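A.B. asks: Please find the sequence and the predicted model below.
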Amino acid sequence: MGSKNQTLGEFIIENQDSFKYTSGELSRLINSIRLAAKVVNHEVNKAGLVDIVGAVGDKNIQGEEQQKLDIYANDKFIQTLSNRNIVCGIASEEEDSFITINSQDENNQNKYVVLIDPLDGSSNIDVNVSVGTIFSIYRRVTPVGTPVKLEDFLQKGSEQVAAGYVVYGTSTMLVYTTGDGVNGFTLNPAIGTFYLSHPNMVFPEDGTIYSVNEGNYIDFPLGIKKYIKYCQEEEDDRPYTSRYIGSLVSDFHRNMIKGGIYMYPKGSRNPNGKLRLLYECNPMAFLAEQANGTSSDGYTRTLDVTPTELHQRVPFICGSKNMVAKVEEFMLKFGE
């Protein structure tokens, strides 16, 4: 699986055979994401010095106010993936529809589509809180050499061939899986190289951290309210610790290392949930399962949900196995 201080490039080459579609394309794709992440990381780290913080005055397809860095990160990832002629299609949280790459090129034999949240948690940029990039990779289901279609993107999370995230924090890390465990690579900014720093990352089966925006408590389903109260009771080695950053990548990353659960349930203001199935929930659920964790909407495994639209929202509960199982127990008992 690789040794500490191995470079990301070396790791990709060494472990290419563990990927069931051995062609080199996926390796080139991960390398492109690595390159774009380094460019975005550079911009994030100088955000306080240049005019790139704050909102631009526009809203994305989600109806959310776009930040300047949202647009910058979106452009850089799309540009990098497009220019390297590796993918046949891209879908971004910041775009209304998917983007077809080289659809007129009869020799375009690219097999992969990428779905991406270019800058998750970007509203935290102004206050210097960690943000991240989330990516998800599928093999297309329509014939190779033809323009991609919506069905290439609307696949169940269980069909992902790779997924990962980049967290831009006190150090910049790229964490990803190709279905054979989860590994984390830390950027050495002095030379611009990612090194394997967290091999074989796993969620502890249990944890003491619960991450949820308790400001929305009144809107939560009864099962979630009961679980939160359960976490706060002073018995059986409780109370647990509440930790919520408001950046999915950062909350997930901490919980995977220390043991915990992340919850963004549906509520009266978000009747279908708030997080996007394709850009946030599926890739994180794939990573969680590859790291001995699990994920659901409170009843159904996240990776079993059949998408119906590009920007579909779902409730999301993800983290240490025993903690997610306990939430599902409360949801079944108390429901909505």
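C.D. replies: That came in fine, so what should we check first? Numbers count the residues shown, from 1 in each chain.
A.B. asks: Assign a three-state SS to G223, would you?
C.D. replies: For G223, the assignment made with DSSP: H, G, I helix; E, B strand; the rest coil gives helix.
A.B. asks: isn't it right next to P315, touching?
C.D. replies: No - look at G223 against P315 with C-beta atoms under 8 Å: they stay out of range, at 10.7 Å. C-beta here means a position set from N, CA and C on the backbone, and glycine is covered the same way.
A.B. asks: can you list residues touching both of these two?
C.D. replies: G298 (C-beta atoms under 8 Å, 6 or more residues apart in numbering).
A.B. asks: Comparing those two, which residue is more hemmed in?
C.D. replies: Neighbour totals were compared for G223 and P315, and P315 leads with 25 against 21 (other C-beta atoms under 10 Å).
A.B. asks: per-residue confidence for the more buried one?
C.D. replies: According to the prediction, P315 has pLDDT 97.
A.B. asks: try S123
C.D. replies: 76.
A.B. asks: likewise the one 5 residues further on?
C.D. replies: The per-residue pLDDT reported for N128 equals 76.
A.B. asks: Give me the below-cutoff pLDDT ranges for the stretch 101-250 of the chain.
C.D. replies: Along the stretch 101-250 of the chain, the model assigns pLDDT under 70 to residues 103-108.
A.B. asks: which residues touch the residue most central in space within the chain?
C.D. replies: In the chain, the centroid-proximal residue (C-alpha atoms, centre = their mean) is I134; its distance is 3.6 Å. The contact partners of I134, by C-beta under 8 Å, 6+ apart, come to I116, D117, D120, A163, G164, Y165, L248, V249, Y279, E280, P283, M284.
A.B. asks: Mark which of the residues you listed are part of helices, please.
C.D. replies: Using DSSP state H, the members of the contacts of I134 that fall within helices are L248, V249, P283, M284.
A.B. asks: Now the buried members of the residues you listed.
C.D. replies: L248, V249, P283, M284 (16 or more other C-beta atoms under 10 Å).
A.B. asks: nearest to Y217, of these?
C.D. replies: L248 (19.0 Å; C-beta to C-beta).
A.B. asks: which residues does the closest residue to that closest one other than its chain neighbours bridge with?
C.D. replies: With sequence-adjacent residues excluded and distances taken as C-beta to C-beta, 6 or more residues apart in numbering, L248 is closest to D120, at 5.4 Å. Per DSSP bridges, the residues bridged to D120 are G132.
A.B. asks: what sits up against the helix or strand where R254 lies?
C.D. replies: Counting by DSSP states H and E, the element that carries R254 is helix 248-258. Outside helix 248-258, the residues that touch it by C-beta under 8 Å, 6+ apart are 120-121, 129-134, 165-167, 169, 173, 175, 182, 198, 201-204, 207, 209, 211, 243-245, 260-262, 264, 275, 280, 284, 287-288, 291, 293, 318-320.
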